[in-house]
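K.L.:
Need a 3D model of the sequence below.
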Amino acid sequence: MSKSDAFLQAGRTAVLQNIHGTMQFLQRFPPFNQMENTHLAFLVEQCQLRFYGPGDSIIRPEDGPVEHFYIVKQGRVIGERTHQGASVVETTFEITAGECFPLAALLGERATRTEHLAAEDTFCLQLNKAAFIKVFALSEEFRDFALRGVSSLLDKVNRQVQQKAVETLGTQYSLNTRLGELAMRHPVTCSPQTALREAVRLMHEQQVGSIVIVNEHKAPLGIFTLRDLRQVVANGIEEFDQAIDAHMTAGPFYLSPDHSAFDAAIAMTERHIAHVCLVKEQRLCGVVSERDLFSLQRVDLVHLARTIRHAPRLDTLINLRGEISQLVERMLAHDVDHGGQGLPESLGLAVSEMVGA
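P.N.:
Residues are numbered from 1 along each chain as shown. Next comes the predicted model:
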C-alpha cells in the first residue's frame, strides 16, 4: 500500500469509528440539520477525514474539474485569487467549521476559480464526487441547499417561525435579534486595486448583492453594490478594468455584531441604504442586507420603513419599538405577502394609527 493510500485509509477509518459523533457535529449546521438521518448517515459513511496544515492547498484551479466535496470539521479555510495580468494575491472569503465547499464548481463540473488553503491546522470531511451525486439524488434537503444555497432552508425556517408566531402571537422575535446571528455567511471582499470586472465577477459567483473593499487589516474602506453597478452602466462606462475604488461608496456605514435588527432597520431607512457592514475590533466580520433582515419573517420593508419615517422624533421611535415588534408578529401570523397584499383590515388600522395616517 502506498503512503497516499495509507493516509486515505486512515482518514476513512477515523470517520467510521466515530459515525455518531460526526453526525451530531453535522446536525448543528445547514443543510445537514434538515436531512433525514439515513441520508446523513450515508454521507458520513462515505467521508474520510483529511488534515491540512497552515498554508496547505486543498483545491486549486490548476487541479482541473473538482472531484471532492469538503466540509470543514475543525479549523479555517480561506480562498485566495491571483488577478489576471498581475501578481497580486488577495483573500476573497473564509470558511469555518460546519461550512462546505465548493458547490458551484462541483455542480458545474469545472475547476474552482479560487485556491482553497488551510489558514490554520484544519480537518475536513472529504466526500468523493460519486458519493456526492448519490447524496444529491437521495436527499431533497441537500439537493435544495446545493442548487439554491441557503434560500430553501430559509423558506423552511420562515414556515417554522410563522407557525410559532401563530401560537405565540405578540411575542418579540425578529427586531431584537443580534445582527451577528443574521450574518449567515462570510462577507465577500476585495482590495481597492481590484478591477471592477473582477469585483463584479466575485459578486456573481458568490451570489451576493455587495462586495466590501478592505485594507490589508480587513478594515472596510468602501462598499460596491448592485445599485452602484447600475449607476456604472447608466453612466456609459466601458472600461471595466478600472480599479474598484473609483466606483465604490467610501466610508461605508457599519454596526457591531451586537447591534439589533431594529438598529439596522433604522439605519437603512434613515440613510437609504440596503447593506450594513458589521465590524468588530476594526475588522469586517459580516454584512447584513435588507433581504437578510426580513427574509426569515417575510416582513415587507415598506410597512416598517413607513412606521419609522413618520415617527416625529427618535425618542418617539424608540417608544414605538414594542408596537412595531407586535406588528411584525401579527404580519407573520397572517402570512402577509410582499407589497402588503392580503393585509387584514385590523393590521391596516394598526399601521394607520402608528404612522398618524
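
K.L.:
what's the helix or strand for Ile223?
P.N.:
Assigned by DSSP states H and E, Ile223 belongs to strand 220-225.

K.L.:
That strand: partners in the sheet, and parallel or antiparallel?
P.N.:
Strand 220-225 pairs in its sheet with strand 210-214 (antiparallel), strand 249-250 (antiparallel), by DSSP bridges.

K.L.:
Give me the contact list for the last one.
P.N.:
Same thing as strand 249-250. 221-225, 228 (CB atoms under 8 Å, 6 or more residues apart in numbering). For the C-beta atoms, the positions are set from N, CA and C on the backbone; glycine is no exception.

K.L.:
The same query, at a cut-off of 10 Å, please.
P.N.:
Strand 249-250 is touched from outside by 192, 210, 213, 220-225, 227-228, 273, 275, with contacts defined as CB atoms under 10 Å, 6 or more residues apart in numbering.

K.L.:
of these, closest to Met35?
P.N.:
Nearest to Met35, judged by CB to CB, of the contacts of strand 249-250 is Ser210 at 30.5 Å.

K.L.:
Give me the pLDDT for that closest one.
P.N.:
Note on Ser210: pLDDT of 92.

K.L.:
Going by the annotation, which residue ranges form each domain of the protein?
P.N.:
According to automatic domain parsing, the chain is divided into the following domains: 3-149, 163-174+296-355, 179-295.

K.L.:
could you say what helices and strands the helix or strand containing Glu90 packs with?
P.N.:
Here Glu90, judged by DSSP H and E, is contained in strand 89-96. Counting by 3 or more CB pairs under 10 Å, 6 or more residues apart in numbering; DSSP states H and E, the packing neighbours recorded for strand 89-96 are strand 68-74, strand 76-82, strand 115-118, strand 122-128, strand 189-190, helix 196-206, strand 210-214.

K.L.:
just for the stretch 51-200 of the chain, where's the confidence low?
P.N.:
Counting by pLDDT under 70, the stretch 51-200 of the chain contains low-confidence residues at 83-87, 149-175, 184.

K.L.:
deepest of the helices and strands packed on strand 89-96, which one?
P.N.:
strand 210-214 (a mean of 25; mean count of other CB atoms under 10 Å).

K.L.:
Extract the CA atoms of that strand and return them as PDB.
P.N.:
Extracted in PDB, the C-alpha atoms of strand 210-214 (Å, rounded to 0.1, in the frame of the first residue of the first chain):
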ATOM      1  CA  SER A 210     -22.500  43.700  -2.400                       C
ATOM      2  CA  ILE A 211     -18.700  43.400  -2.100                       C
ATOM      3  CA  VAL A 212     -16.700  45.200   0.600                       C
ATOM      4  CA  ILE A 213     -13.400  46.800  -0.200                       C
ATOM      5  CA  VAL A 214     -11.000  46.300   2.700                       C
END
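
K.L.:
from now on call the first residue 41
P.N.:
With the count now opening at 41, the last piece we talked about shows up as strand 250-254.
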